[in-house]
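here's my sequence, what's the structure:
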Amino acid sequence: MATVAASLTLRSKSPAQTRRIGARLGRLLQAGDILLLSGELGSGKTCLVQGIGRGLAVSDPVTSKSFVLLGEYRGRLTLYHGDLYRLEDPLEVEELALTECCADGALVVEWADRAWEVFPPEHLLVRLEIGGASERDLTLAAHGERYERLLAAIAGGRRRRS
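Numbering: from 1, shown residues only. Predicted coordinates for the structure are as follows:
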């Protein structure tokens with residue numbers, strides 16, 4: 001993984017707030033962006049992706065289906081939603097060629113820790129941690145210049161709302 005130049009931690013107090021954070025992030029995404037999500041089961045990864053879909057003006061509901069490895073949702077950009085939960089071997093992930101086939105949209109991957117080595121060194125890593133019954137800490141770590149700018153835009157928007 002590339003060196004982390006900047007990170008930002010946001011606290012969410014509800015699934016709705018996690019979706020709002022995702023929507024803010026989705027509004028800032030550009031074609032070719034890669035977001036890798038990490039967190040235990042129930043930490044809010046899918047809620048975040050649903051918000052990202054909202055921010056990308058996706059009209060279809062964004063869901064995590066048990067046996068679908070890649071969902072595709074049309075909006076301002078195409079949201080490619082990868083879910084690697086069922087995969088054990090990084091070679092299985094590599095064979096999917098996610099970054100190549102999703103370059104025209106934004107790729108968001110749940111359970112990315114199943115195959116870190118398959119993804120490009122430049123990406124935004126989002127670690128979700130359970131802090132209580134409905135509280136979540138989302139730590140966004142920028143890996144590369146594009147993602148440092150994205151992080152700065154998120155942090156700037158956060159300060160204006162405070």
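
from here on, contacts and neighbour counts on C-alpha atoms
OK.

how near is Pro15 to Leu128?
12 Å (CA to CA, to the nearest Å).

which neighbours do those two share?
The contact sets of Pro15 and Leu128 overlap at Gly44 (CA atoms under 8 Å, 6 or more residues apart in numbering).

these two: which is more packed in?
A count of neighbours by other CA atoms under 10 Å puts Leu128 above the other of Pro15 and Leu128, at 25 against 19.

what packs against the helix or strand hosting that one?
According to DSSP states H and E, Leu128 maps onto strand 123-130. When contacts are defined as 3 or more CA pairs under 8 Å, 6 or more residues apart in numbering; DSSP states H and E, strand 123-130 sits against strand 34-38, strand 136-143.

note down every partner strand of that strand and its orientation.
Strand pairing for strand 123-130, using DSSP bridges, gives strand 34-38 (parallel), strand 136-143 (antiparallel).

out of those strands, flag the one nearest Trp111.
Nearest of the strands paired with strand 123-130 to Trp111, taken as CA to CA: strand 34-38 at 5.4 Å.

mean confidence for the closest one?
The average pLDDT within strand 34-38 is 95.

then stretch 154-162?
Mean predicted confidence for stretch 154-162 is 60.

low-confidence ranges, the protein, go.
For the chain, residues meeting the criterion pLDDT under 70 lie at 1-5, 65-68, 89-93, 97, 157-162.

and the longest helix for it?
helix 145-161 (DSSP state H).

angle of that one against strand 123-130?
Put simply, helix 145-161 runs at 50 degrees to strand 123-130, going by axes from the mean of the first three to the mean of the last three CA atoms, to 10 degrees.

show me which residues of helix 145-161 are buried.
Judged by neighbour count using 16 or more other CA atoms under 10 Å, the buried positions of helix 145-161 are Tyr147, Glu148, Leu150, Leu151, Ile154.

tabulate those residues (a markdown table), appending distance to Gly32.
Below are the buried residues of helix 145-161 laid out as a markdown table (distance: CA to CA, whole Å):
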| residue | distance to Gly32 |
| --- | --- |
| Tyr147 | 11 |
| Glu148 | 15 |
| Leu150 | 13 |
| Leu151 | 16 |
| Ile154 | 18 |
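
closest one to Leu37 out of those, please.
Tyr147 (14.2 Å).

apart from its neighbours in sequence, what residue is nearest that closest one?
Nearest residue to Tyr147 in three dimensions, chain neighbours excluded: Leu124, at 5.8 Å (CA to CA, 6 or more residues apart in numbering).
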